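Trainee: Quick one, structure for this:
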Amino acid sequence: MGISTGQQQGGTAQQNQSGPGGVKNPGYNNGVMGTKPDKQDFTTQNPLDKNVNEPHKCGLRNADGVGFRITGDNDGESEYGEFPWMVAILKEEKALDQVINVYQCGGSLIHPSVVLTAAHCVQNKKTEEMKVRLGEWDTQTKNELYDYQDRNVVEIVSHAEFYKGGLFNDVALLFLEKPADLMDTVNTICLPPANHNFDLSRCFASGWGKDVFGKQGTYQVILKKIELPIMPYDQCQTALRTTRLGKRFKLHKSFICAGGEKGRDTCKGDGGSPLVCPIPGTINHYYQAGMVAWGIGCGEDGIPGVYVNVPMFRGWIDEHLRQRNITDSFYLYS
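Mentor: So this is what the prediction gives:
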């Protein structure tokens with residue numbers, strides 16, 4: 001599977017080609033939600049109906065799905081509701097006589113009214129044309145157990161030191177017009193303390209991006225997941241210097257790396273999608289360690305993908321919520 005912008009170092013974030021990070025995403029039927037025949041075998045469970053007003057701990061991964069579980073070979077597909085913090089960032093565009101929702105990027109819910117994503121995803125975007133979709137899983141059907149939730153965006157805040165050329169400080173916050181209703185398929189992710197080190201953790205990335213790099217790759221209909229190890233900074237920089245980036249390449253401090261295992265990598269697809277790692281001492285609770293930023297190819301042996309260093313921006317996130325009198329309690333694990 002793949003979920004990166006496929007961004008090359010020093011290039012532009014939005015590329016003129018189909019799919020997330022580009023223009024149209026076949027997984028969204030060119031922006032229009034549709035229906036399709038079911039292709040999975042499902043094992044039904046009792047739906048976990050919870051009052052949306054009940055407290056929800058952040059970062060809870062529903063490893064067995066919500067309401068049913070996929071059986072058989074699912075080729076890296078996530079379970080329904082497995083990553084309830086996953087957000088699809090959409091842009092409204094006019095096509096003939098209708099308005100369609102065109103997929104732009106991934107993001108994560110950190111508060112019922114706040115989404116964390118990559119700055120390159122929302123650069124030069126107008127709030128009135130942006131919306132977020134919560135609780136999405138299969139982009140080609142509306143027959144899921146719970147309806148997705150769409151929310152309008154009223155404010156976009158990108159990091160003041162975001163540098164498009166190298167994607168340094170590639171972080172942004174989207175403030176929503178109406179809070180999300182928290183439930184089993186819509187919940188917040190926990191954010192780690194500032195400068196938390198995730199080296200050698202095995203983590204999950206999720207998204208609707210391409211399965212392989214280039215024209216041969218296809219975008220995903222059902223939310224994909226991939227398990228990846230965090231690669232230490234020095235090891236990552238050394239690995240990237242073996243690529244076309246060259247021996248003098250310096251990895252910016254606003255990045256971390258994950259992957260490096262052949263055939264298991266993020267790819268062209270959706271920048272801003274979360275990379276989450278287990279919270280030590282917990283069962284199925286996760287911190288967000290990173291966001292998809294860029295990479296060199298896809299799934300090359302020994303070459304990791306590059307992600308935004310989320311712990312580095314914890315203070316920046318806290319401050320912008322504080323300025324708006326928004327509590328940080330929804331992303332604090334306790």
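
Trainee: Residue 247 - how many residues pack around it?
Mentor: 7 (other CB atoms under 10 Å). For glycine as for every other residue, the C-beta is placed from the backbone atoms N, C-alpha and C.

Trainee: thought it was touching residue 241?
Mentor: Yes - if you go by CB atoms under 8 Å, residue 247 and residue 241 touch, sitting 5.2 Å apart.

Trainee: what is the residue nearest to residue 201 when sequence neighbours are not counted paired to in the beta sheet?
Mentor: Distances taken as CB to CB, 6 or more residues apart in numbering place residue 277 nearest to residue 201, at 4.3 Å, with adjacent residues excluded. Residue 277 forms beta bridges with residue 287, as assigned by DSSP bridges.

Trainee: who's in contact with residue 277?
Mentor: By CB atoms under 8 Å, 6 or more residues apart in numbering, the contact set of residue 277 is 198, 201-204, 230, 286-287, 289.

Trainee: Show only the entries of these found in helices.
Mentor: Using DSSP state H, no member of the contacts of residue 277 sits in helices.

Trainee: For residue 261, state which of those is nearest.
Mentor: residue 202 (10.5 Å; CB to CB).

Trainee: So what sits opposite that closest one in the bridge?
Mentor: residue 229.

Trainee: tell me the pLDDT at it?
Mentor: The model reports residue 202 with a pLDDT of 94.

Trainee: since we're on it, how many residues are nearby?
Mentor: 12.

Trainee: That one is in contact with residue 227, isn't it?
Mentor: Yes - counting by CB under 8 Å, residue 227 is a contact partner of residue 202 at 5.9 Å.

Trainee: ok, which stretches of the stretch 1-150 of the chain are strands?
Mentor: Ranges of strands in the stretch 1-150 of the chain, per DSSP state E, counting those that start in this stretch, are 41-44, 68-71, 86-95, 98-111, 114-117, 130-134, 149-158.

Trainee: Mean neighbour count added to these, as CSV?
Mentor: Converted to CSV, those look like this (neighbours: other CB atoms under 10 Å):
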stretch, mean neighbour count
strand 41-44, 12
strand 68-71, 17
strand 86-95, 20
strand 98-111, 23
strand 114-117, 27
strand 130-134, 21
strand 149-158, 18
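
Trainee: JSON lines please, covering those and showing distance to residue 58 and mean pLDDT.
Mentor: Shown next, in JSON lines, are the strands of the stretch 1-150 of the chain (distance: least, CB to CB, whole Å; pLDDT from 0 to 100):
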{"stretch": "strand 41-44", "distance to residue 58": "27", "mean pLDDT": "39"}
{"stretch": "strand 68-71", "distance to residue 58": "23", "mean pLDDT": "57"}
{"stretch": "strand 86-95", "distance to residue 58": "14", "mean pLDDT": "91"}
{"stretch": "strand 98-111", "distance to residue 58": "8", "mean pLDDT": "92"}
{"stretch": "strand 114-117", "distance to residue 58": "12", "mean pLDDT": "99"}
{"stretch": "strand 130-134", "distance to residue 58": "14", "mean pLDDT": "96"}
{"stretch": "strand 149-158", "distance to residue 58": "17", "mean pLDDT": "98"}
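
Trainee: between these, which one is nearest to residue 296?
Mentor: Short answer: strand 98-111, nearest of the strands of the stretch 1-150 of the chain by CB to CB, at 19.9 Å.

Trainee: ok, that closest one: who's next to it in the sheet?
Mentor: strand 86-95 (antiparallel), strand 114-117 (antiparallel).

Trainee: Might you list the low-confidence residue ranges for the stretch 151-300 of the chain?
Mentor: Along the stretch 151-300 of the chain, the model assigns pLDDT under 70 to residues 209-219, 262-270, 298-300.
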